[in-house]
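Chemist: what's the 3D shape of this:
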Amino acid sequence: MTPELIILGIVVITALVFDFTNGFHDTGNAMATSIATGALKPKVAVGLSAVLNLVGAFLSIEVAKTVGREVVNLEMTDGHGLMLIVFTGLVGGIVWNLLTWLLGLPSSSSHALFGGLIGATIAGLGVSGVLWTGVVAKVIVPALVAPVIAALVSTVGTVLIYRMTARVGDRQKTRGFRWGQVGTASLVSLAHGTNDAQKTMGVIFLALVAASAIEPTADIPFWVKFTCAVAIALGTYLGGWRIIRTLGKGLVEIDSPQGMAAEGASAAIILTSSHFGMALSTTHVATGSILGTGLGRKGAEVRWSVAGRMVLAWLITIPAAAVVGAACWLIGHFVGAATTELTGVGVVFAILVALSTLMYVRSRREPVHAGNVNEEWEPEVEDLAPITGVISQVPAGVVAGEASTHLDLPGDDAPDHRRTPGA
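Modeler: I've put the predicted structure just below:
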């Protein structure tokens, strides 16, 4: 096996690892509100989301084309240079995904990927190596506009829902809207697959172009679509409970009508953006929609301190991932120049494994899982901690030695919160 083929294999594996992290990082976008209101059991919710992400990944490739052809100037690099850019850009995206997952912050996996690619491209090719027109039109502008539109749509939807059901009994309302949540949450999961899985497809496409395995104008191979769909589905099934907790319990206290309004707004916006090839952040959309439900329901509590930390994480995602991507490119480039290209890639891959292991081990100190994801939010711990002081922290609200189990199904009465020791 040639060194070039080994490097291509490492890049493809790293891309699928990113896709996997994207899955568990973004599960909350679709299922956080359904879990928080008791419309779905936690494990049922992530299982359903995983299946629909898998299906959605095959429905469109417009976003994959954006990633594969409208970020890096392919005319400015040869195959070896492009391969290192793609690889180190992925490392930047994975590291930021894992860090924000550890902190329970719903930041954008998409922007982490784009940030990593942009940083690696600037390090390798200079500023002109980035196709800024495509990045601005299909990444930056949607990032700024989408959460605002999502919040507005969700606010209006929430107001209308409560007005239309003002005379409906609470028990009947809860039962009906729980079933509505199942439908809208499923649609968000399907939409997530059509948008986020495509980004990894585009990255693998870039790697194949760099290896001269396909032409830049070729179609994306079926095996790329299939492996990316499976990777994001497996990641989704893992849960990403830390971020589900923040979205479902930390931003707004949500009931079933609010959950349905948020998920309906998110699905409509994500599917529209996928149709036009916009590499939208599903996290931004989902968060904006959830925030809108708090604004649209009279008397609802919106935790603005939590929202502020989320926005801060959004603002630094692209530059932070870009710094990691650029640093990894420099390490890989200089080690490769002193030894071999394969050695340079191997060193960067070893750094990725070490950082990933460190964050995973740190997360096990205070685990968040299906059994305790709906514990009551503790504002005195979580809402007052600034982002700069929680790098070593994880979402609080997990009671040591205890967990809550939700046994309710759509159509049941109020959620059943039972305590089980030692879970």
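
Chemist: what is the mean pLDDT for whichever strand or helix holds Ala197?
Modeler: Ala197 is located in helix 170-210, with elements delineated by DSSP states H and E. The average pLDDT within helix 170-210 is 84.

Chemist: repeat for stretch 229-242
Modeler: Mean pLDDT, stretch 229-242: 90.

Chemist: confidence score at Ala400?
Modeler: Confidence at Ala400, expressed as pLDDT, is 37.

Chemist: nope, Ile6 is what I was after
Modeler: We have a pLDDT of 94 for Ile6.

Chemist: re earlier: after the helix holding Ala197, which helix or strand is next?
Modeler: Assigned by DSSP H and E, the successor of helix 170-210 is helix 222-238.

Chemist: report all helices and strands that whichever helix or strand comes after that following helix contacts.
Modeler: Next helix or strand after helix 222-238 toward the C-terminus (DSSP H and E): helix 241-245. If you count contacts as 3 or more C-beta pairs under 8 Å, 6 or more residues apart in numbering; DSSP states H and E, helix 241-245 packs onto helix 3-37, helix 79-103. Quick note: C-beta positions are derived from backbone N, CA and C, even for glycine.

Chemist: quick check: buried residues in the longest one?
Modeler: It stands for helix 3-37. 4, 7-8, 10-12, 14-37 (16 or more other C-beta atoms under 10 Å).

Chemist: elements contacting the helix holding Ala197?
Modeler: Here helix 170-210 touches helix 3-37, helix 42-56, helix 62-69, helix 79-103, helix 109-125, helix 222-238, helix 256-275, helix 282-296, going by 3+ C-beta pairs under 8 Å, 6+ apart.

Chemist: tell me which of these sits nearest to Ala370.
Modeler: Ala370 lies closest, by C-beta to C-beta, to one member of these: helix 42-56, at 3.9 Å.

Chemist: picking that back up, any idea how far the helix holding Ala197 is from the chain center?
Modeler: Distance of helix 170-210 from the chain centroid (C-alpha atoms, centre = their mean, to the nearest Å) equals 11 Å.

Chemist: number of residues surrounding Ala300?
Modeler: Residues near Ala300, counting by other C-beta atoms under 10 Å, number 15.

Chemist: report the contact partners of it.
Modeler: For Ala300, the contacting residues are 252-253, 258, 293-294, by C-beta atoms under 8 Å, 6 or more residues apart in numbering.

Chemist: in three-state terms, label it for me.
Modeler: coil (DSSP: H, G, I helix; E, B strand; the rest coil).

Chemist: that one and Glu366: what is the separation?
Modeler: 28 Å (C-beta to C-beta, to the nearest Å).

Chemist: same check on Ser273?
Modeler: Distance of Ser273 to Glu366, given as C-beta to C-beta: 35 Å.

Chemist: between the two, which one's more packed in?
Modeler: Between Ser273 and Glu366, counted using other C-beta under 10 Å, the more crowded position is Ser273 (23 against 15).

Chemist: give me the nearest residue to the more buried one, chain neighbours excluded.
Modeler: Distances taken as C-beta to C-beta, 6 or more residues apart in numbering place Leu280 nearest to Ser273, at 3.9 Å, with adjacent residues excluded.

Chemist: ok, now which ones touch the one you found?
Modeler: The neighbourhood of Leu280, defined by C-beta under 8 Å, 6+ apart, consists of 110, 142-143, 146, 195, 269-270, 273-274.

Chemist: could you do Val224 as well?
Modeler: When contacts are counted by C-beta under 8 Å, 6+ apart, Val224 touches 201, 204-205, 208.

Chemist: before we move on, the earlier item: could I get the helices and strands packed on helix 241-245 as TSV with distance to Thr121?
Modeler: Output for the helices and strands packed on helix 241-245, formatted as TSV (distance: least, C-beta to C-beta, whole Å):
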stretch	distance to Thr121
helix 3-37	15
helix 79-103	5
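
Chemist: so for Ala151, which of the ones you listed sits nearest?
Modeler: helix 3-37 (14.5 Å).

Chemist: distance from the chain centre to stretch 363-383, please.
Modeler: How far stretch 363-383 lies from its chain's middle: 19 Å, per C-alpha atoms, centre = their mean.

Chemist: got the buried residues for that stretch?
Modeler: For stretch 363-383, burial by neighbour count (16+ other C-beta under 10 Å) applies to 363, 368, 370-375, 377, 382-383.

Chemist: with those in mind, which one is nearest to Val311?
Modeler: Scanning the buried residues of stretch 363-383 for proximity to Val311, where the rule is C-beta to C-beta, the winner is Asp383, at 14.3 Å.

Chemist: report pLDDT for the closest one.
Modeler: So Asp383 comes in at 44 (pLDDT).

Chemist: for Ile61, same thing?
Modeler: Looking at Ile61, the pLDDT reads 67.

Chemist: same question, Leu90
Modeler: In this model, Leu90 carries a pLDDT of 95.

Chemist: touching, it and Leu113? I think so.
Modeler: Yes - using C-beta atoms under 8 Å, Leu90 is in contact with Leu113, at 7.3 Å.
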